Every structure is written in C-alpha cells, then in structure tokens.
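> Output the structure for:
(one chain, ligands or ions: 1)
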Amino acid sequence: MRIDIITVLPELLQSPFNASILKRAIDAGLVEVHFHNLRDYTTDNYKTIDDTQFGGGAGMVMMIEPIDKCISALKEERDYDEVIYMTPDGETLKQGMANHLSLKENIIILCGHYKGVDQRVRDQFITREISIGDYVLSGGELGAAVLCDAIIRLIPGVLGDETSALTDSFQDNLLAPPIYTRPREYKGWKVPELLLSGNFPKIEKWREEQAYERTKERRPDLLEE
Ligand code: ADE
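Here you go, the predicted model:
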C-alpha cells in the first residue's frame, strides 16, 4: 500500500510514522508513506496557499491551484483508489472504514487548514471526506495520522500476532473484554480464577459475555448497529 499525504505542516506528521508499529511497517516495506508540502506547488515568492473568502467572512480558505497541481502530479504517476479529505464535517471514522481502506493500493490524504479548502477542491478531486470525531482540530494532520495508524496496523504482516487485530474492540461491534497479566495477585487484587483454569472453551465464553456486558454498559449504541 502507498499513502501520499498532502499537508502544509509535514513536520507535524513525522513522529507518528517514526516509532513503533508504523515505523516497522514502513521499514518492512509493507506500506510507503510520502509527505508532500503544499507550498512546493505554489508559484509566487511567498508560497501562498490560502486567501480570504469570497462573500466575506472570517478565516482563510485553502486555494485550489496548489492542491490541483499536487494531486495532478501524483495522479500522473499512478492511479489512486481514494482521495481523502480530512475535515470535521466528513463521515466519522469507524473501524469498518479502516478495514475497507486497508485493502486499497494507493490513497491520497489531503489535510485541511484554517477554514478549510475551496469547495471546488472537494467537488472535483475528493472521493471521500473523513472526520475523526465531533470536535475541531487545528488542522487535518493529526486526523490523518490517526487514520493512517488505524489503516496500517490492519495490513497483513504488520502486527506480529496475526489474530490480534481481529480481537480489537469494535471489530465485531463489541468492546474488548477485560485482560490481565502477571502477577496473579497484587496487593490482594486477584485475577479472575477462570482465566487461570486452562479451560479454554469456558474462557472464550467468559470473554464473549464480558465483551457484551461492557458494550451494553458503555456503548449500547454499538449493539443497535
Ligand atoms: N480537521 C479539523 N478537525 C478535524 C476532525 N475532527 N477530523 C478530521 N480532520 C479535521
């Protein structure tokens, strides 16, 4: 998989891709992530990427020309499955969307800033608009990092234990059950006896029940979906 991220703040995006699972996935060649600084696609001395709104109103708008130049240059090199725009008014990111996107070959992610992009960018180039939640960030970069993390960890071979992504919270619309590790007892707080019993069918059943109870209590909306 190849991910091209278009941003005005590439430095903000470096560290999430330079550690842990994402770095390992990149080093292993399972995913390529490329950052494109939108200012490299400007033509004026000031490297202008935004301007005031037509019709008046507070806040700057990202201009279409540098974005068009950047996306068109990428599209000349290869075909893209999706051109995603990170925006608070997009579709809310869910596990199912990450699963779906993890199967794609090439995707572009455009990070918005200020008031956002000229509507014509959205109309002409964007195939999917994604929000990471109902709050407004200063820009799309952190959202893009969250989206990439959710996608990349699902690519086969990225997680050491192939089954572990499947047992994550949300994979079956259930939250994950409680988990424990050594010691068996700490300050008198004990691990549930059943987990030490070696009775794996019973343990599995207990986990399913716990997942269901936890979901019912914390996220009943997931059970309705
Ligand atoms: N840009 C600003 N806020 C955002 C959000 N909630 N999700 C994605 N991109 C954003």
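> what's the closest residue to residue 180 other than its chain neighbours in contact with, if anything?
Distance criterion CB to CB, 6 or more residues apart in numbering; nearest residue to residue 180, sequence neighbours excluded, is residue 191 at 4.4 Å. To be clear about C-beta, it is placed using only N, CA and C from the backbone, and glycine gets the same treatment. Residues in contact with residue 191, defined by CB atoms under 8 Å, 6 or more residues apart in numbering, are 180, 184-185.
> Which of these sits closest to the ligand?
Nearest to the ligand among the contacts of residue 191 is residue 180, at 34.2 Å by CB to the nearest ligand atom.
> Return the residues in contact with that closest one.
191-192, 195.
> Next, work out how far apart it and residue 203 are.
Shown here: residue 180 relative to residue 203, a distance of 11 Å by CB to CB, to the nearest Å.
> overlap in contacts of the two?
Common contacts of residue 180 and residue 203, defined by CB under 8 Å, 6+ apart, comprise residue 195.
> just to revisit the earlier point, so which of the contacts of residue 191 also contact the ligand?
Taking CB under 6 Å from any ligand atom as the test, the ligand is in contact with none of the contacts of residue 191.
> mind listing what whichever residue of the chain sits closest to the ligand touches?
Per CB to the nearest ligand atom, residue 143 is where the chain lies closest to the ligand, at 3.2 Å. Neighbouring residues of residue 143 by CB under 8 Å, 6+ apart: 86, 111, 130-132, 137.
> what secondary structure does it sit in?
helix (DSSP: H, G, I helix; E, B strand; the rest coil).
> again, but for residue 147
helix.
> Run through the strands of this structure in chain order.
2-7, 32-37, 50-52, 60-62, 82-92, 106-111, 128-131, 185-186, 189-190 (DSSP state E).
> will you turn those strands into JSON lines that also has mean neighbour count?
Formatted as JSON lines, those follow (neighbours: other CB atoms under 10 Å):
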{"stretch": "strand 2-7", "mean neighbour count": "22"}
{"stretch": "strand 32-37", "mean neighbour count": "16"}
{"stretch": "strand 50-52", "mean neighbour count": "14"}
{"stretch": "strand 60-62", "mean neighbour count": "19"}
{"stretch": "strand 82-92", "mean neighbour count": "19"}
{"stretch": "strand 106-111", "mean neighbour count": "24"}
{"stretch": "strand 128-131", "mean neighbour count": "19"}
{"stretch": "strand 185-186", "mean neighbour count": "9"}
{"stretch": "strand 189-190", "mean neighbour count": "10"}
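> right, and those strands - which one's nearest residue 19?
For residue 19, the closest of those is strand 32-37, at 13.1 Å, according to CB to CB.
> For the closest one, name the packing helices and strands.
With contacts defined as 3 or more CB pairs under 8 Å, 6 or more residues apart in numbering; DSSP states H and E, strand 32-37 has these neighbours: strand 2-7, helix 10-13, helix 20-27.
> out of those, nearest to residue 78?
With CB to CB as the measure, strand 2-7 is the member of these nearest residue 78 (7.5 Å).
> what's in contact with the closest one?
13, 31-38, 67, 70-71, 74, 78, 80, 105-111, 139-141, 144, 148, 151-152.
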